[in-house]
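1. have a look; sequence and predicted model below, questions after that.
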Amino acid sequence: MNSENTTPQENKLEASFSTLILSIASSAAMSLGLAPNPTTNKTEKNMEMARFNIDLLVVLQAKTKNNLDKEEGAFLESVIRDLQLKFIQHQ
């Protein structure tokens, strides 16, 4: 579908818990050098920023404990575990 045929509602991003997790995880992945910065199109490592973003996810996990449904909790746990492993591998 091209942009001429889409309505404003079709272009609207959905704000959700998963979107928040993916946003923070994407920042961590870019900081680990796993993905290019969309602004500069360059792949750069910033381990301090990667650690910060991973820590944000851990804080979010602690603050939302017992408030997430099973899928959300499993998704967050999986993302954190994956990023922590990649952090160790890329040090």
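-> Nice, thanks for sending it over. Small disclaimer: the values here were computed from a predicted structure and weren't measured.
2. can you map out the helices along the protein?
-> With helices called from DSSP state H, the chain shows them at 8-11, 17-31, 47-63, 70-89.
3. can I get these in TSV with mean pLDDT and mean neighbour count?
-> Quick note: C-beta positions are derived from backbone N, CA and C, even for glycine. What follows is the helices of the chain, written out as TSV (pLDDT from 0 to 100; neighbours: other CB atoms under 10 Å):
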stretch	mean pLDDT	mean neighbour count
helix 8-11	60	7
helix 17-31	96	17
helix 47-63	98	15
helix 70-89	97	14
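4. can you list the ones you listed in JSON lines and add distance to residue 39?
-> Converted to JSON lines, the helices of the chain look like this (distance: least, CB to CB, whole Å):
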{"stretch": "helix 8-11", "distance to residue 39": "21"}
{"stretch": "helix 17-31", "distance to residue 39": "10"}
{"stretch": "helix 47-63", "distance to residue 39": "14"}
{"stretch": "helix 70-89", "distance to residue 39": "21"}
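5. which one of those helices lies nearest to residue 40?
-> Residue 40 lies closest to helix 17-31 among the helices of the chain, at 10.1 Å (CB to CB).
6. for that closest one, which outside residues touch it?
-> For helix 17-31, contacts defined as CB atoms under 8 Å, 6 or more residues apart in numbering pick out 13, 35-37, 43-47, 49-50, 53-54, 56-57, 60, 68, 72, 75-76, 79, 83, 86-87.
7. check stretch 74-91 too.
-> Under the criterion CB under 8 Å, 6+ apart, residues 18, 21-22, 25, 28-29, 32-34, 45, 47, 50-51, 53-54, 57-58, 60-61, 64, 68 lie in contact with stretch 74-91.
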